[in-house]
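J.: Take this sequence and fold it.
(chains A, B and C)
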Amino acid sequence: MAIITLLTDFGLNDNFAGVIKGVMLRINPKIQIVDISHNINPQDILEGAILLANSFKFFPKGAIHMAVVDPGVGSERRPILVKAGDYFFIAPDNGILSLALKDEKVKKIIHLTNKRFFLKPVSDTFHGRDIFAPVAAYFSLGRRIGDFGRPIKKIKNLELPEVRFEKDLLIGEVIYIDRFGNLVTNIRKENFNDFVGKRDFVIEFKGILLDTISGSYSERDRNSPLAIWDSFSYLEIAINQGSAKESFSARIGSKVYVKVSFR
Amino acid sequence: MAIITLLTDFGLNDNFAGVIKGVMLRINPKIQIVDISHNINPQDILEGAILLANSFKFFPKGAIHMAVVDPGVGSERRPILVKAGDYFFIAPDNGILSLALKDEKVKKIIHLTNKRFFLKPVSDTFHGRDIFAPVAAYFSLGRRIGDFGRPIKKIKNLELPEVRFEKDLLIGEVIYIDRFGNLVTNIRKENFNDFVGKRDFVIEFKGILLDTISGSYSERDRNSPLAIWDSFSYLEIAINQGSAKESFSARIGSKVYVKVSFR
Amino acid sequence: MAIITLLTDFGLNDNFAGVIKGVMLRINPKIQIVDISHNINPQDILEGAILLANSFKFFPKGAIHMAVVDPGVGSERRPILVKAGDYFFIAPDNGILSLALKDEKVKKIIHLTNKRFFLKPVSDTFHGRDIFAPVAAYFSLGRRIGDFGRPIKKIKNLELPEVRFEKDLLIGEVIYIDRFGNLVTNIRKENFNDFVGKRDFVIEFKGILLDTISGSYSERDRNSPLAIWDSFSYLEIAINQGSAKESFSARIGSKVYVKVSFR
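T.: Down below sits the predicted model:
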């Protein structure tokens, strides 16, 4: 049974996600549809890109990942279907796929131009329903990728804010805040290790100093701040059994400093 | 595999929606259950009716749509099972089906009286679990519709607030606000076209004048207001990449005026 | 098709619940995954325990219930797999299973020590993904329960706040508040009946007196307070078509008094 995952900013109050599933099931009743999230902040492409990049590999090979955060719906941005690594991706070409595809071998990019596979008429406001959902469902039936449009060379790129280096400083920032108020930064484990090496370090966040990476939340006292590798290998600032977001009044973009001392 | 859709005001915090699925799967493990929404405003039958009317046709023919917004649970309102057009509907008879069935050929209405198909005991507070869910599941097994109770003639009606006409004015109002803050009005495309014909028009909403219907959100500048046909063919007031709800402090019931000028 | 239910505090904004499903489907594509709730208050084990106890029996026999509210993730608390009554349970051993298992015949408790069934590497922050999900999926394939670790004797216990008796008073409290603002207390129908017997009674809540248990919400006038047996047989304080939570500024822990008078 083909698997189609959904990552959107449609929310769960309206009928958007449900209608999309209906459209898919009309075309292929034998699919397993899995919600990754429908609660991406409205029109926040970067947030969608981060969650997709952290999710797609956990699904069975061959899964079709449909990601629709689409502020440009109805404009010239292209709807695309991508084969990369062991997976397929369907999305507007606005950067939402770029973080997921960064380290994947992109094998084919198709601009979805074949209207045979669209709902009729195509609205100007809901391509999730009218273009992406039916294409995903027809594709899951085993049709050849080339049937859906014409090959193109490149997708739109979107970059995470990059970490910066200043002498003995590594400067990162909060790029994602989860339900528990944990603050995920753009500092990846390998970047950190390359930079720090065997030197001592101190992580500074909002005036708090942390000189270790904890092995688990509960290594620290309740309500104590800590730094930890999150489950996707990014540096995370957290509070054991509390919300770092609230304690620190932290936001997307809040800066994190890693300082090394030479010994 | 039979498809059962769920539209309720049970929310996603409690275990109500999950328990309903458990009840169904005990009776028929071979169903595909699809959530349309569980976040209808508590006890807001009209909102449920609007979303159901805008959703049911996107599902495969034969789908069983269960809609439970049920402030009268435990009272005399009747639980019903309806065959209409290509679909089946299970709901309390409180008007929640009336917008969906307005243009459908209603073939059979059954008052659910056969307690054989209810959970035992039937609580007075959760007929979703005790009546509607098991009936939907037994019905999905292929039982005849007449087995579930006795035929009745009419369902309860619920009307959308109607548009009004005053000389050269068409007066509508906001009937639904979606996650993006888009304001869906009760002005349908065909009503609008009939009224306006080939004349010039101006749409007035909260002091703003709009003299075109945009083809897409992105036709307008970022943060500009616009009028557009929503994906279900209602007139919608929106802000490109913003929230019309917030910008206009709009609410359900806010008035929209379409004015024509004779030339 | 095996059924796995999910009850967590992961929320629906992040990708946690979606990723868990991906992990499971990689191992066993033929499972039906049902969400009970992902919106348990963050790290509120007792709330999770209450919802699980009120949910698990509504699912088909043999269902695997995975419950992850896990403030101690990465610490010494044990991951366990339990066979009890007609169901299986997978959870951290922190009390979340204790209310569900209270009246069930516990047949086997396995401490999950066999790392063969874990994702590699196991993170210190997301055992839902790395331990519980893959174990649930491998177990659903039909593996013997003993393969997953070594038997232990007891699980951690967690008690609901108990009702108290003072002369002619039964004192309970609010233990759960649902989406509608209904206040679920810890007074079970059988406790109430044992205590009250055939005597007259009065229920006092926040200064309001109620001398009957209503048969349905709608027996009372709109916006009137009432006492009712909730659908899981606990005493509930509610407002017909309103929110008792808001009307009474009620909270978890708010006291409810049942007073009898001797005649």
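J.: Please tell me how far the residue nearest to A:I171 when sequence neighbours are not counted sits from chain B.
T.: Excluding the flanking residues, the one nearest A:I171 by C-beta to C-beta, 6 or more residues apart in numbering or on different chains is A:R164, at 4.5 Å. (Glycine included, C-beta is placed from N, CA and C.) Using C-beta to the nearest C-beta, to the nearest Å, we find A:R164 at a distance of 29 Å from chain B.
J.: just A:R129 next, same as before
T.: On the measure of C-beta to the nearest C-beta, A:R129 and chain B end up 6 Å apart.
J.: pretty sure A:D124 is in contact with A:G74, am I right?
T.: Yes. In this structure, A:D124 is within contact of A:G74 by C-beta atoms under 8 Å, at 3.8 Å.
J.: list residues touching both of those two?
T.: Common neighbours of A:D124 and A:G74, using C-beta atoms under 8 Å, 6 or more residues apart in numbering or on different chains, are B:G215, B:S216, B:Y217.
J.: Could you save those as JSON lines and add columns showing neighbour count, pLDDT and secondary structure?
T.: Shown next, in JSON lines, are the shared contacts of A:D124 and A:G74 (neighbours: other C-beta atoms under 10 Å in any protein chain shown; pLDDT from 0 to 100; DSSP: H, G, I helix; E, B strand; the rest coil):
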{"residue": "B:G215", "neighbour count": "14", "pLDDT": "90", "secondary structure": "coil"}
{"residue": "B:S216", "neighbour count": "18", "pLDDT": "90", "secondary structure": "coil"}
{"residue": "B:Y217", "neighbour count": "27", "pLDDT": "91", "secondary structure": "helix"}
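J.: and which of those residues is nearest B:L6?
T.: B:Y217 (29.9 Å; C-beta to C-beta).
J.: Spell out the secondary structure type for the residue lying closest to A:D35 once chain neighbours are set aside.
T.: In this structure, A:D35 finds its nearest non-sequential neighbour in A:L6, 5.3 Å apart by C-beta to C-beta, 6+ apart. Assigned with DSSP: H, G, I helix; E, B strand; the rest coil, A:L6 falls in the strand class.
J.: Surely A:L6 touches A:I31?
T.: No. Contact between A:L6 and A:I31 fails when scored by C-beta under 8 Å: they sit 11.2 Å apart.
J.: Between these two, which has more neighbouring residues?
T.: A:L6 (25 against 20; other C-beta atoms under 10 Å in any protein chain shown).
J.: just checking, what packs against the longest strand seen in chain A?
T.: In chain A, taking DSSP state E as the definition, the longest strand is strand A:169-177. Judged by 3 or more C-beta pairs under 8 Å, 6 or more residues apart in numbering or on different chains; DSSP states H and E, the packing partners of strand A:169-177 are helix A:45-53, strand A:164-166, strand A:183-188, helix A:189-196, strand A:234-239, strand A:255-261.
J.: Show me what counts as buried in that strand.
T.: For strand A:169-177, a neighbour-count test (16 or more other C-beta atoms under 10 Å in any protein chain shown) marks A:L170, A:I171, A:G172, A:E173, A:V174, A:I175, A:Y176, A:I177 as buried.
J.: Report the closest residue of the stretch 51-200 of chain A relative to chain B.
T.: Nearest residue of the stretch 51-200 of chain A to chain B, counting by C-beta to the nearest C-beta: A:G74, 2.5 Å away.
J.: For that residue, the count of nearby residues, please.
T.: 19.
J.: now do A:D230
T.: 22.
J.: residue contacts, it?
T.: A:D230 neighbours (C-beta under 8 Å, 6+ apart): A:N182, A:V184, A:E236, C:S123, C:T125, C:F126.
J.: Do I have it right that the first one meets A:A238?
T.: Just to be clear, that refers to A:N182. Yes. Look at A:N182 against A:A238 with C-beta under 8 Å: they come within range, at 4.5 Å.
J.: the more surrounded of those two?
T.: A:A238 (26 against 23).
J.: quick one, what contacts that one?
T.: Counting by C-beta under 8 Å, 6+ apart, A:A238 makes contact with A:F180, A:G181, A:N182, A:L183, A:Y217, A:P225, A:L226, A:A227, A:I228, A:A244.
J.: cool, and A:L99?
T.: Contacts of A:L99 by C-beta under 8 Å, 6+ apart are A:A49, A:I50, A:L52, A:A53, A:L158, A:L160.
J.: Once you drop chain neighbours, what's closest to the fourth one?
T.: In space, and not counting its chain neighbours, A:A53 is closest to A:L99: 3.9 Å by C-beta to C-beta, 6+ apart.
J.: A:I80 too?
T.: Nearest non-adjacent residue to A:I80 (C-beta to C-beta, 6+ apart): A:D93, at 4.7 Å.
J.: Neighbours of that neighbour, how many?
T.: 21.
J.: Please tell me how far it sits from A:I110.
T.: Using C-beta to C-beta, to the nearest Å, A:D93 is found at 11 Å from A:I110.
J.: who touches both of these two?
T.: A:I80.
J.: hang on, isn't A:A91 packed against A:G72?
T.: No. Assessed by C-beta under 8 Å, A:A91 is found out of contact with A:G72, at 11.7 Å.
J.: between those two, which one's more packed in?
T.: Each of A:A91 and A:G72 has its neighbours counted (other C-beta under 10 Å); A:A91 has more, 29 against 19.
J.: is the more buried one in a bridge, and if so with what?
T.: Assessed by DSSP bridges, A:A91 has beta-bridge partners A:I80.
J.: Can you read off the pLDDT for it?
T.: pLDDT, A:A91: 98.
J.: Backbone torsions only: list them for the residue of chain A found nearest chain C.
T.: Shortest chain A-to-chain C distance, computed as C-beta to the nearest C-beta: residue-wise this is A:S216, at 2.5 Å. Dihedral angles of A:S216 (phi, psi; degrees, to the nearest 10) stand at phi -160, psi 160.
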